[in-house]
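Participant: What follows is a predicted structure for the sequence shown.
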Amino acid sequence: MLIAHVSDCYAPRTGGIESQVGDLAARQAAAGHEVHVLTATLGAAGERGGVVDVENGVHVHRLGARLPFDLPVNPVGPRLLREAFRALAPDVVHVHAGVLSPFAYDGARIALDLRLPTAITWHCMLDGVVGPLRAIVSRTRWSRTPAALSAVSHEAASRVRDVFGGEVAVMPNGIDVDAWAPEGPRPAHRSLRLVSTMRLAPRKRAVPLVELVGSAARRLPAEALRLSIIGSGPAQARVAAAITAQGLDGVVDLRGRLTRPQVRAAYADADVFLAPAELEAFGIAALEARTAGLVVVARRGTGIAEFVEDGVDGFLVADDAEMAEAVVRLASEREVFEGISAHNRSIPPAFGWDDVLGAAQAEYARARSSARTP
């Protein structure tokens, strides 16, 4: 099968969509499919305007333009997308969408204009834009789109369903479960080792994370907690200032951006993963941490509920105060922590790549069936 993925963002940019599209495409190529990625993201050396690289068996079409801040958009992107679709004649087009994904939405529109079987997966929560999007859809041909619609979690899918109506499937993110599985016994620590991996941007809520950990630390003995924050981004200076303001210098460590092996090593030395974001469509970092055996504390109503059951794999909380309370409980009631940790270290979650590839194939079959329907 010739599969064409369309994504605004792709490597060398880092993030959830970038890593998932890249991993999915590479797995499909390894399974024997011919796989192309059409992206508005420039290559590491600035490749753009239609340059094609082959990376991990995947043909990556760099259709972006040189713009300020390396924005993944291109004013002539629609023309380049149409030309690429006509040249490739893909068996299916798989569009990966976020809230603001002009390149992806152009790809979906053009693929449907060319009557190509099209699957669209949302990697985001549409909170705050459901009403306006529903109004737009109701007044346009999108209300009758023949595309197969999906999202990465049931929570995210419910928002897409509110916009479009009809069937919206769940096509989850995936990881190499074996690669993230814990090795050897859990290290013993005097303090509870907390970790969080995120882009340091306001929507990921790193500053509130520091504040809630500060609240928990003030209720516990000295040296009861340690927090490592993995990631970088525009809010880094604000996060550093919050650490000082909370009196957490020496307690919170800003690790910066790490490679996957370095993240795995960090998780091997940690106890609890904190996920403070309110609009987490799936939570790939939390899934990796859960697979590594960490106790996960996350916000209720996010995609993390796909693999974290409250009280079993960790805790799902309503707000920052409840997250701080969960941290205090895990630090002071060690039997609670030990029980959840033992469960997570012995029972892996079911989000391996075989599951994800099967879900993708089901969506492609739906897309081909929809394209044949008059």
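Facilitator: Nice, thanks for sending it over.
Participant: What are the buried residues along the helix or strand bottoming out on mean pLDDT in the chain?
Facilitator: Every helix and strand of the chain was ranked by mean pLDDT, DSSP states H and E. The lowest is helix 130-138, at a mean of 87. Buried positions in helix 130-138, judged by neighbour count with 16 or more other CB atoms under 10 Å: 130, 133-134, 137. C-beta: built from backbone N, CA, C; applies to glycine.
Participant: The next helix or strand after it pairs with which strands, and in what direction?
Facilitator: Past helix 130-138, further along toward the C-terminus, the next helix or strand under DSSP states H and E is strand 148-151. Strands adjacent to strand 148-151 in the sheet, as given by DSSP bridges, are strand 118-122 (parallel), strand 169-170 (parallel).
Participant: List the contacts of strand 148-151.
Facilitator: Outside strand 148-151, the residues within contact range by CB atoms under 8 Å, 6 or more residues apart in numbering are 118-123, 157, 159-160, 164, 166-171, 281, 359, 363-364, 366-367, 370.
Participant: quick check, distance from it to the centre of its chain.
Facilitator: Per CA atoms, centre = their mean, to the nearest Å, the displacement of strand 148-151 from the mean C-alpha position of its chain is 16 Å.
Participant: May I have it exported as CSV, CA atoms only?
Facilitator: C-alpha atoms of strand 148-151 as CSV (Å, rounded to 0.1, in the frame of the first residue of the first chain):
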residue,chain,number,x,y,z
ALA,A,148,-12.6,8.6,8.0
LEU,A,149,-12.4,10.7,11.2
SER,A,150,-10.5,9.7,14.3
ALA,A,151,-8.7,11.1,17.3
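Participant: Following element in sequence after it, please.
Facilitator: Along the chain past strand 148-151, the next helix or strand (assigned with DSSP H and E) turns out to be helix 154-164.
Participant: what's the angle between that next one and strand 118-122?
Facilitator: Put simply, helix 154-164 runs at 120 degrees to strand 118-122, going by axes from the mean of the first three to the mean of the last three CA atoms, to 10 degrees.
Participant: Which of the residues in helix 154-164 are classified as buried?
Facilitator: Using 16+ other CB under 10 Å as the burial criterion, the residues of helix 154-164 that qualify are 155-157, 159-161, 163-164.
Participant: In this model residue 24 seems to touch residue 30, though I could be wrong.
Facilitator: No - under the criterion of CB atoms under 8 Å, residue 30 makes no contact with residue 24, lying 10.9 Å away.
Participant: out of the two, which sits in the busier spot?
Facilitator: Neighbours of residue 30 and residue 24, each counted by other CB atoms under 10 Å, are more numerous for residue 24; the result is 25 against 14.
Participant: Is it correct that that one is in contact with residue 174?
Facilitator: Yes - in this structure, residue 24 is within contact of residue 174 by CB under 8 Å, at 7.4 Å.
Participant: anything in contact with each of these two?
Facilitator: Once CB under 8 Å, 6+ apart is applied, the residues that residue 24 and residue 174 both contact turn out to be 356-357.
Participant: Low-confidence bits of the stretch 251-374 of the chain, can you list those?
Facilitator: Applying pLDDT under 70 to the stretch 251-374 of the chain flags residues 372-374.
Participant: and if we set it to 90?
Facilitator: 350, 370-374 (pLDDT under 90).
Participant: Going by residue numbers, what spans are strands in it?
Facilitator: Listed in chain order, the strands found in the stretch 251-374 of the chain under DSSP state E, counting those that start in this stretch are 252-256, 272-275, 295-299, 314-317.
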